[in-house]
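*Asks:* Kindly return the folded structure for what I paste below:
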Amino acid sequence: MPPRGVTVAQATKRLLALEHVAPGTSYGLPAFLLHGKFFARFRDDDTVLVLQLGSIDDRDVLMQMDPKAFFFTDHYKNYPAVLIRLVNITSARLAETLQVAWEDLVLKRAPKPKRARRKT
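*Replies:* You can find the predicted model right below:
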């Protein structure tokens, strides 16, 4: 079994390696933005990563796969996000989870092309 535990630095490196993800703020707190919108942030003294997902069903699957690493609180009950205990996740599982979440959201959040005005 691979060792569990990912540092904030390792998670940050993985997040920023994803295309169109950049550091920013959300509600005045440091966050990672995908196309300028919330994607992830650290909380609880950087021991937990909040990650935006494509759906609540995705969160349920993650929690069934690894309840030690994935959870949510009442605050996120009706929101497609999962909380990740960094100490309880493997590096490979985190990388896979970030990639899938990114794939689910990147096209939805891509800037829409501006339509050229027709001359009349």
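*Asks:* and the spatially most central residue of the chain, which of the three is it?
*Replies:* Taking Cα atoms, centre = their mean as the criterion, residue 51 is the residue nearest the geometric centre of the chain, at 2.9 Å. Local secondary structure at residue 51 is given as strand here, using DSSP: H, G, I helix; E, B strand; the rest coil.
*Asks:* what is it paired to in the beta sheet?
*Replies:* Beta bridges link residue 51 to residue 40, residue 82, judged by DSSP bridges.
*Asks:* where does residue 60 fall, phi/psi-wise?
*Replies:* phi -60, psi -40 (degrees, to the nearest 10).
*Asks:* ok, now which ones touch it?
*Replies:* By Cβ atoms under 8 Å, 6 or more residues apart in numbering, no residues touch residue 60. Bear in mind the C-beta positions are built from the backbone N, C-alpha and C, glycine included.
*Asks:* I'd like the distance between it and residue 80.
*Replies:* 10 Å (Cβ to Cβ, to the nearest Å).
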